[in-house]
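[1] attaching a predicted model along with its sequence, questions to come.
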Amino acid sequence: MSPPPDDARSLSLLSVVIPCFNEESVLRETHRRLTAALEEVSGLDFEAIYVDDGSGDATLDILRELQQVDQRVRVVSLSRNFGQQIASTTGLESAVGDAVVIMDADLQDPPEVIPEMLDRWQQGADIVHGQRTRREGETWFKLWTGRVFNRLFNRLSQVSIPPHTGDFGLMDRAVVDALRIMPEHQRFLRGMIAWVGFRQDAVTYQRPVRFKGETKYPLKKLIGLAADGILSFSVKPLRLCIWSGLLTSALALAGIVYALVVRLSTDAWVSGWAMLFVAVLFVGGVQLLFLGIIGEYLGRIYFEVKRRPLYLVRERLGFAPAGGADGRDCGALT
Ligand code: UDP
Ligand code: MG
């Protein structure tokens, strides 16, 4: 690390949040690499918060073991699988550090980058993104869809996510506190972090392949995350419905005028049942599609108004007696 400037922020504790879903094959190595990387930074005090997102394998047993031998380990075990975005939120709510890092459990987010992120934070950045320069072992399809999604998101929403970034990054306490008062259920952390603003910076790194185990994101889940991202940050798809409605109405009006002109100037009616058939099917299809879009928003409103807690905790290990930042067993966020 380069020497911090005179007005550098002082850090009394760094929290590292790691969501884990069926990660038994990587966790020991992840913890070894994380502690090795952070112990390199002189005088750094840190806590590693592992959130077990309802794993069905030995993840929780391994986390218990790690916690027994390392007092800096905290474990939050959720009552079922709530998904990565909620698991990370749980970790953020349990963290008490002045700065908080979110990283994946599979070592695709190399912990060796964290000291550089800390450097940037000390120089005044409130959010430090990990920006990938290369991604090994990903299919072209995932890379391409990722790029398309990023562009689409930035175009449709009022905030913009920096290119080639994911959830890996460091946040100042002020940013974490801002995220804690955002109560939405459809959480898309990348977008929420872009929304809060503050001073943002990035450090670059090469993203390696997953250390062991399988990706937890099959195509269906990726599409769900992308839909959550766009629909919770933009109402432009609804506006698209209005514009398309106006366009089809204009076409229909032109058709009416044409039919009238033909009827009045000749003896014939406009013929063509096939055209009529196609037009009816087309308009019916467009209407159903738009109803579907409206339904997606409606469904999301339905889940938001229920105001259920974001998550339920089954067990906490390694926290101060109060149990985490505030000892809550559910994410009420209000
Ligand atoms: N994860 C989670 N809950 C889930 C799915 C994933 O906590 O329902 C965690 C997973 O354990 C990992 C991180 O989210 O630490 C990223 O998942 P993964 O590496 O499978 O995603 P990919 O890198 O393939 O996009
Ligand atoms: Mg991964």
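    Structure's in. What do you need? Ligands and ions are numbered 1, 2, ... in the order given.
[2] how far away is the most far-flung residue of the chain relative to its centre from Leu276?
    In terms of distance from the mean C-alpha position of the chain, Asp267 ranks first, at 63.6 Å (Cα atoms, centre = their mean). In this view, Asp267 and Leu276 are 20 Å apart by Cβ to Cβ, to the nearest Å. Just so you know, the C-beta spots here come from the backbone N, C-alpha and C atoms, and that holds for glycine as well.
[3] for the stretch 201-334 of the chain, which residues are neighbours of ligand 2?
    Arg210 (Cβ under 5 Å from the ion).
[4] next, the contact list for Asp167, please.
    Counting by Cβ atoms under 8 Å, 6 or more residues apart in numbering, Asp167 makes contact with Gln84, Ser88, Ile102, Asp104, Leu189, Arg190.
[5] try it again at 7 Å.
    Asp167 makes contact with Ser88, Ile102, Leu189, Arg190, according to Cβ atoms under 7 Å, 6 or more residues apart in numbering.
[6] show me what contacts the third one?
    Read that as Leu189. Counting by Cβ under 7 Å, 6+ apart, Leu189 has contacts Gln85, Ser88, Asp167.
[7] go with 10 Å
    84-86, 88-89, 92, 102, 166-167, 169, 179, 182, 229 (Cβ atoms under 10 Å, 6 or more residues apart in numbering).
[8] adding secondary structure, write those residues out as JSON lines.
    Converted to JSON lines, these look like this (DSSP: H, G, I helix; E, B strand; the rest coil):
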{"residue": "Gln84", "secondary structure": "helix"}
{"residue": "Gln85", "secondary structure": "helix"}
{"residue": "Ile86", "secondary structure": "helix"}
{"residue": "Ser88", "secondary structure": "helix"}
{"residue": "Thr89", "secondary structure": "helix"}
{"residue": "Leu92", "secondary structure": "helix"}
{"residue": "Ile102", "secondary structure": "strand"}
{"residue": "Gly166", "secondary structure": "strand"}
{"residue": "Asp167", "secondary structure": "strand"}
{"residue": "Gly169", "secondary structure": "strand"}
{"residue": "Leu179", "secondary structure": "helix"}
{"residue": "Met182", "secondary structure": "coil"}
{"residue": "Gly229", "secondary structure": "helix"}
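[9] looking at the residues you listed, which is nearest Ala202?
    Using Cβ to Cβ, Gly169 comes nearest to Ala202 of these, at 8.2 Å.
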